[in-house]
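[1] the following comprises the amino acid sequence and a computationally predicted model.
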Amino acid sequence: FEYPNAELQKELTGIANALIAPGKGILAIDEPPGTLGLRFAAVGAENTEDNRRKYRQLLFTTSPQLGKMISGVILFHNTVYQKADDGTPFVELITGQGIIPGIKVDKAFVPLMGSEGENTAQGLDDLAQRCAQYKKSGCHFAKWRSALKIGTNTPSYQAIIENANVLARYASICQMNGLVPIVEPDVLMDGEHDLERCQKVTETVLAFTYKALQDHHVFLEGTLLKTNMVTPGKSCTILVTPEEIAAATVTALSRTVPAAVPGVVFLSGGQSEEEATVNLNAINRCTAARKPWALSFSYGRALQASCRKAWAGKEENVQRAQVELLQRAAANSLASRGRYDP
Ligand code: 13P
């Protein structure tokens, strides 16, 4: 088998380590136009191409401070090729702040036949060409998300093994093209299940994922894991503390994520902004199990919710919105070091 050659290994390791530099995490703003439209509707902003560009411009022009807390941004295809009002390409604006541009490369979810509503993601066929193009355009990492739903009989073996394999194929194609793959198996928060069930499912999903990465000779030092924290389902009535969430999360990761992986960056998955910060802080303070990896954030909703609400699609609110984003970034930066005081 062939690992990436020594030079490529060095490049991938450098990118991965920069993404998890102490006190830094990732801002996920890769919502496809439809998804962003739903979030715009919730704050009364109109979903036009130019409003989406203006909103991203707001984020990228927040403050030079942002680059001290945000290591990378995950973009949707269009954003890579858009420009600010003054003609500066977004990629240049981002890179100029010491932030690394990344790209979402998974495509639509398609149903798995015979499953109870489970799915897998499309996008492998032309992935090598797309990765090569994105690398030329200034992106240095990618993301692919798999979604696994906890139900009475799910996630099934079929969904777990298929999604693990597709993540491994994606990761290997990224690495061949100089992009660090962020491998994202997302065990969804929907459901009534308790903390223990989420922990067991998360452990199983991660174990399958790392077996598949090994089967496909993925160079783990040049990858990051993006996954869910272990929490009770959204409709579960048993309340748990951030410390319990932290212990379950760290235990699950320690049982399944190889020490060669440099970092785990959590998704927020529907947690509130404050919950996502407090839980990340508890995870970084937790001593329930060994933690050989950096533990940071790659939040979408939990970094943008207040910001988007403050903006509400209006030019006059841009600065207020930027203050909100900076506050969330600062709080999560502290939490990634276990130094957040609510
Ligand atoms: P959330 O933090 O809103 O879950 O989004 C992160 C992400 O990129 C999901 O793929």
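    Now that the structure is in, tell me what you want to look at. Residues are numbered from 1 along each chain as shown.
[2] residue ranges with poor pLDDT in the stretch 1-150 of the chain?
    Applying pLDDT under 70 to the stretch 1-150 of the chain flags the ranges 1-2.
[3] near the ligand, which residues of it are found?
    Counting by CB under 6 Å from any ligand atom, the residues of the stretch 1-150 of the chain close to the ligand are 28, 30, 145. C-betas here are computed from N, CA, C, even on glycine.
[4] run a quick neighbour tally on whichever residue of the chain sits closest to the ligand.
    In the chain, the residue found nearest to the ligand is G300; the distance is 2.8 Å by CB to the nearest ligand atom. The number of residues packed around G300, counting by other CB atoms under 10 Å, is 19.
[5] what sits closest to it if chain neighbours are left out?
    A28 (3.9 Å; CB to CB, 6 or more residues apart in numbering).
[6] and the one you found, what are its bridge partners?
    When assigned by DSSP bridges, A28 has beta-bridge partners I74.
[7] what's the neighbour count on it?
    A28, neighbours per other CB under 10 Å, totals 28.
[8] which residues sit in contact with it?
    73-74, 143, 267, 298-300, 303 (CB atoms under 8 Å, 6 or more residues apart in numbering).
[9] and the gap between it and A330?
    Separation of A28 from A330 (CB to CB, to the nearest Å): 17 Å.
[10] then T256?
    Separation of T256 from A330 (CB to CB) stands at 31 Å.
[11] ok, L19 touching T13?
    No. The criterion here is CB atoms under 8 Å, and L19 misses it with T13 at 10.9 Å.
[12] so for those two, which sits in the more crowded spot?
    Using other CB under 10 Å as the criterion, L19 and T13 rank with L19 on top: 25 against 17.
[13] for that one, give me phi and psi.
    phi -70, psi -20 (degrees, to the nearest 10).
[14] just P242 next, same as before
    Dihedral angles for P242 - degrees, to the nearest 10 - are phi -60, psi -30.
[15] how about Q322?
    Dihedral angles (degrees, to the nearest 10) for Q322: phi -70, psi -40.
[16] OK, contacts around the closest residue to it other than its chain neighbours?
    The shortest distance from Q322 to any non-neighbouring residue, by CB to CB, 6+ apart, is to T62 (4.3 Å). Applying CB under 8 Å, 6+ apart, we find T62 in contact with 322, 325-326.
[17] which of those residues has the most neighbours?
    Highest neighbour count within the contacts of T62, by other CB under 10 Å: L325, with 23 neighbours.
[18] can you tell me the helix or strand for it?
    helix 318-335 (DSSP states H and E).
[19] and the strand or helix carrying A276, which residues are buried?
    Assigned by DSSP H and E, A276 belongs to helix 273-285. Within helix 273-285, the residues that qualify as buried are 273, 275-284, counting by 16 or more other CB atoms under 10 Å.
[20] not counting residues beside it along the chain, what's closest to V265?
    S298 (3.7 Å).
[21] alpha carbons of the helix or strand hosting the one you found, as CSV, please.
    According to DSSP H and E, S298 maps onto strand 294-299. Output of strand 294-299 as CSV, limited to C-alpha atoms (Å, rounded to 0.1, in the frame of the first residue of the first chain):
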residue,chain,number,x,y,z
ALA,A,294,-6.8,18.6,20.8
LEU,A,295,-10.5,19.0,21.6
SER,A,296,-12.0,22.1,20.0
PHE,A,297,-15.0,23.3,18.0
SER,A,298,-16.2,23.4,14.4
TYR,A,299,-19.6,25.1,15.1
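[22] which strands or helices does that strand pack on?
    Packing partners of strand 294-299 (3 or more CB pairs under 8 Å, 6 or more residues apart in numbering; DSSP states H and E): strand 25-29, strand 263-266, helix 273-285, helix 318-335.
[23] partners of it, with directions?
    The pairing partners recorded for strand 294-299 under DSSP bridges are strand 25-29 (parallel), strand 263-266 (parallel).
[24] any idea which of those strands is most buried?
    Sort the strands paired with strand 294-299 by mean neighbour count, taking mean count of other CB atoms under 10 Å, and strand 25-29 sits at the top with a mean of 27.
[25] now it against helix 273-285, angle please.
    150 degrees (axes from the mean of the first three to the mean of the last three CA atoms, to 10 degrees).
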